[in-house]
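Enquirer: pasted the sequence and its predicted model underneath.
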Protein chains: 2
Amino acid sequence: MKQRLFTPGPTTVPEEVLLEMARPIIHHRSKAFAELFGKVLEDLKYLFQTENPVLTLTSSGTGAMETAVVNLLARKDTALVIRGGKFGERWGELCEAYGIRCVPVDVEWGDAVDPEEVGRALKEHPEVKVVFATYSETSTGVLHDVKALAEVAKKAGVLLVVDAISSLGAHPLPMDEWGVDVVLTGSQKGLMLPPGMAFISLSEKAWEAVKRSDLPKYYWDLRKARSSLAKGQTPYTPAVSLIVGLARSLRTIREIGLEALWRRHARHAEATRRAVQALGLELFARAPSNVLTIVRAPEGVDGKALLKAAQAYGVTFAGGQEGLSGKVVRITHLGYVDDFDAISAVAALERALRDVGWKVPMGKGIAAAQEVLARE
Amino acid sequence: MKQRLFTPGPTTVPEEVLLEMARPIIHHRSKAFAELFGKVLEDLKYLFQTENPVLTLTSSGTGAMETAVVNLLARKDTALVIRGGKFGERWGELCEAYGIRCVPVDVEWGDAVDPEEVGRALKEHPEVKVVFATYSETSTGVLHDVKALAEVAKKAGVLLVVDAISSLGAHPLPMDEWGVDVVLTGSQKGLMLPPGMAFISLSEKAWEAVKRSDLPKYYWDLRKARSSLAKGQTPYTPAVSLIVGLARSLRTIREIGLEALWRRHARHAEATRRAVQALGLELFARAPSNVLTIVRAPEGVDGKALLKAAQAYGVTFAGGQEGLSGKVVRITHLGYVDDFDAISAVAALERALRDVGWKVPMGKGIAAAQEVLARE
């Protein structure tokens, strides 16, 4: 059966990227690799909208998060952590693992953080050095206002680190323009690649913090990564095949253009939200991200049964995490998704709902989606 | 031009593995992945020759080395580090990064460590908790006697950790039988995969040490990896496409059989050594590994020019590292290499030698290699 992936990572990898990665492996100290990697580094700057270097890590996104913590902080430092979902909480866990004192700003799942509340917490805690935030929180489907957070952080004179793992390429995040100090992402999201790589970029101010950091590190040491980068290399053997795929997918992103890419994600997200509402279902996020749409399972319907019913059509959605397990369905419209994929997702949701016994008018959701998608 | 890779990682990836990895990506929480990963975990135990679980990391081999350090040691612990090359030295650097006191056993580049010397050092330093060793040292082409080291470590009641990044699958390393406490490897070596993954297995005694370890860690935390493994998962998104390739390459390794694989590496290494000697060249390692053969550049010949001359034929060798830069050529016969590949490497070496102006009888090296390879 034809398989369709609407999960928040891994996302579908374009066929031309898959084929590019199937070419014979090249050596990471060869001229061919150096040329390819040089181009990749330029294209990554475009994606990150920065003049600063973008560093490549062989790890999942969590590795990049740990990299930010161990390079920016020093022993006994204090950090402010915005916790509005599983990935915001991860920032707290990472800080705790290194003995960093945490000032939490807790946000109810489904809500976006109020930047003013962060501002107040920073005033109360002038000892805070770094604010750790999430742009699109994959566990709640919420988009946090990073632009406003950057202003708050700047005013307080602290660094802002943004987990843009699922959102880079889907939502605007002009790092330099907004003054975000650190942005990080993973390969298996908007970059349309298999998982296995992560990327991080630091402002000059953030590089200053790296100098005074004394947390123990080796593999995550960004000073080494930066000096290797000056020679067009990585400190340790990189995931060569993924970088070959990356070169291809970044070329696609350049060709489409970031603005067009953001608009595409916005349209697919809007279409999905309208469809869900037309079906009489409720959205979970009160400040929804364009990365994914989280739908509450209707009264009396088990979210897990709904996932299983969609799976019977070859369609994979993601279930709820932690407290939301069994209560929601997460439909992702990230990366290599076109209008007809977005419609397919809604069509599968309709049929899955019917199959689990929930009365739903067939076609009403996809018609609502089509109205948005076919708009001039 | 046809390209041939004789580098110590990445090594050539078999065509069927490349094609397997080019299939549409699957989700790491799906049933399809769970089935595949379950099989992989069993096959990894075969490769590691252990009954203990083998854990998968999304990182280069260095990440697995750091994982061993931060999981086995506690603050203010002392470790013994065998330093006989770049990768042995890395163990020392990793320990220092975490404030671990190091007792070094230094070995001249090209020599193997004397296990008795390690035994004496352990007697002098009863505070040592862990010995960090390298099986095949890629910078010197030396194979260290891990079996003897395991006996010495056992006698002293300390843990033995072995970097088998380049050697697993090429040399016998029956972890349980020899009593090696920790073995780790990378994907881009004997496993015939692209770089991007690493693997580590711990004895029960090593798991005891994990319990008392208090070094800071998050991504490398093996307790989390182990509890995820019990559910057939990894704690963070794994490098799915590489795991799909891994399933295929482990199947190949099972089909060939470890013993046959070790013999194959031994034959190719012997053929290459004989060829090199027949050409009047000198081997660098005094206890040579079957992973790679390091040839001293003849008097008056620049090793880098030699590499470049081979490259003109589409053949990639590796150059010397650190103090050996420009002085040696490293010819790897690791992974997906057959007899005719081994002969091609020698043929390219002969022509490169001639091209840089060194008088060499054409065909004498490959004839010597053929004698070994065509032996019944």
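Expert: Sure, I can see it.
Enquirer: buried stuff in the helix or strand containing A:Lys154?
Expert: Using DSSP states H and E, A:Lys154 maps to helix A:146-156. Of the residues in helix A:146-156, A:Val146, A:Ala148, A:Leu149, A:Ala150, A:Glu151, A:Val152, A:Ala153, A:Lys154, A:Ala156 count as buried by neighbour count, 16 or more other CB atoms under 10 Å in any protein chain shown. In this view, the C-beta of every residue, glycine as well, is placed from N, C-alpha and C.
Enquirer: of those residues, which is the nearest to chain B?
Expert: A:Val146 (22.5 Å; CB to the nearest CB).
Enquirer: rewinding a little: which secondary structure elements does the helix holding A:Lys154 contact?
Expert: With contacts defined as 3 or more CB pairs under 8 Å, 6 or more residues apart in numbering or on different chains; DSSP states H and E, helix A:146-156 has these neighbours: helix A:115-124, strand A:128-134, strand A:159-163, helix A:175-178.
Enquirer: those: which one's closest to A:Ala32?
Expert: A:Ala32 lies closest, by CB to CB, to one member of the helices and strands packed on helix A:146-156: helix A:175-178, at 30.0 Å.
Enquirer: burial measure for the residue in the stretch 51-200 of chain A that chain B sits nearest to, as a count.
Expert: Sorted by distance to chain B under CB to the nearest CB, the residues of the stretch 51-200 of chain A start with A:Gly196, at 3.3 Å. A:Gly196 has 31 neighbours, counted by other CB atoms under 10 Å in any protein chain shown.
Enquirer: over to A:Ala348?
Expert: A:Ala348 has 23 neighbouring residues, counting by other CB under 10 Å.
Enquirer: what's the answer for A:Val142, then?
Expert: 28.
Enquirer: do the same with A:Gly38
Expert: Residues lying near A:Gly38 (other CB under 10 Å) number 12.
Enquirer: do A:Tyr236 as well
Expert: Neighbours around A:Tyr236, by other CB under 10 Å: 22.
Enquirer: need the helices for chain A, in chain order.
Expert: A:15-21, A:31-48, A:61-72, A:86-97, A:115-124, A:146-156, A:175-178, A:204-212, A:222-229, A:240-256, A:258-278, A:303-311, A:339-355, A:364-373 (DSSP state H).
Enquirer: now, of those helices, which is deepest in the fold?
Expert: helix A:61-72 (a mean of 26; mean count of other CB atoms under 10 Å in any protein chain shown).
Enquirer: kindly format the C-alpha coordinates of it as PDB.
Expert: C-alpha atoms of helix A:61-72 as PDB (Å, rounded to 0.1, in the frame of the first residue of the first chain):
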ATOM      1  CA  GLY A  61      18.200  17.800  17.400                       C
ATOM      2  CA  THR A  62      18.600  17.000  21.100                       C
ATOM      3  CA  GLY A  63      22.400  16.900  20.600                       C
ATOM      4  CA  ALA A  64      22.200  20.500  19.300                       C
ATOM      5  CA  MET A  65      20.200  21.500  22.300                       C
ATOM      6  CA  GLU A  66      22.800  20.000  24.600                       C
ATOM      7  CA  THR A  67      25.500  21.800  22.500                       C
ATOM      8  CA  ALA A  68      23.800  25.100  23.200                       C
ATOM      9  CA  VAL A  69      23.700  24.500  27.000                       C
ATOM     10  CA  VAL A  70      27.300  23.300  27.400                       C
ATOM     11  CA  ASN A  71      28.800  26.000  25.300                       C
ATOM     12  CA  LEU A  72      26.900  29.100  26.500                       C
END
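Enquirer: so what are the domain limits for chain A?
Expert: A:15-255, A:258-373 (automatic domain parsing).
Enquirer: mind putting the ones you listed into CSV with mean pLDDT and distance to B:Leu292?
Expert: Formatted as CSV, the domains of chain A follow (pLDDT from 0 to 100; distance: least, CB to CB, whole Å):
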stretch, mean pLDDT, distance to B:Leu292
domain A:15-255, 97, 14
domain A:258-373, 97, 40
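Enquirer: returning to what we had before: residues touching the nearest residue to the residue of the stretch 51-200 of chain A closest to chain B once chain neighbours are set aside, list them.
Expert: Closest residue in space to A:Gly196, ignoring its immediate chain neighbours: B:Ala239 at 3.3 Å, by CB to CB, 6 or more residues apart in numbering or on different chains. B:Ala239 makes contacts with A:Pro194, A:Pro195, A:Gly196, A:Ala239, A:Leu242, B:Thr58, B:Gly196, B:Met197, as judged by CB atoms under 8 Å, 6 or more residues apart in numbering or on different chains.
Enquirer: try A:Trp91
Expert: When contacts are counted by CB under 8 Å, 6+ apart, A:Trp91 is found next to A:Met65, A:Val69, A:Ala79, A:Val81, A:Ile82, A:Arg83, A:Phe132, A:Ala133, A:Thr134, A:Asp163.
Enquirer: tell me, how many residues neighbour the nearest residue to the last one once chain neighbours are set aside?
Expert: Closest residue in space to A:Asp163, ignoring its immediate chain neighbours: A:Thr134 at 4.6 Å, by CB to CB, 6+ apart. With neighbours defined by other CB under 10 Å, the count for A:Thr134 comes to 33.
Enquirer: for A:Thr134, what are its contacts?
Expert: Applying CB under 8 Å, 6+ apart, we find A:Thr134 in contact with A:Ile82, A:Gly84, A:Gly85, A:Phe87, A:Gly88, A:Trp91, A:His144, A:Val162, A:Asp163.
Enquirer: I'd say the fourth one and A:Ser136 touch.
Expert: Going back to what we said before, that points to A:Phe87. No: taking contacts as CB atoms under 8 Å, A:Phe87 lies outside contact range of A:Ser136: 9.1 Å.
Enquirer: shared neighbours of the two, which are they?
Expert: Both A:Phe87 and A:Ser136 lack any common contact, where contact means CB under 8 Å, 6+ apart.
Enquirer: picking up where we left off before, save the helices of chain A as TSV, and put in distance to B:Gly326 too.
Expert: Formatted as TSV, the helices of chain A follow (distance: least, CB to CB, whole Å):
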stretch	distance to B:Gly326
helix A:15-21	34
helix A:31-48	18
helix A:61-72	34
helix A:86-97	43
helix A:115-124	54
helix A:146-156	49
helix A:175-178	41
helix A:204-212	33
helix A:222-229	20
helix A:240-256	25
helix A:258-278	45
helix A:303-311	58
helix A:339-355	54
helix A:364-373	61
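Enquirer: indicate which one of those is closest to A:Val105.
Expert: That would be helix A:115-124 among those, by CB to CB, at 5.4 Å.
Enquirer: how about the residues of the stretch 1-150 of chain A by chain B?
Expert: The stretch 1-150 of chain A comes close to chain B at residues A:3, A:5, A:7, A:9-13, A:18-19, A:21-30, A:58-63, A:66, A:93-94, A:97-99, as judged by CB under 8 Å from any CB of the partner chain.
Enquirer: what's the closest of the contacts of A:Trp91 to B:Leu261?
Expert: B:Leu261 has its nearest neighbour among the contacts of A:Trp91 in A:Met65, at 38.4 Å by CB to CB.
Enquirer: re the thing from before, who's in contact with the residue of the stretch 51-200 of chain A closest to chain B?
Expert: The neighbourhood of A:Gly196, defined by CB under 8 Å, 6+ apart, consists of A:58-60, A:187-188, A:239, A:242, B:58, B:196-197, B:238-242.
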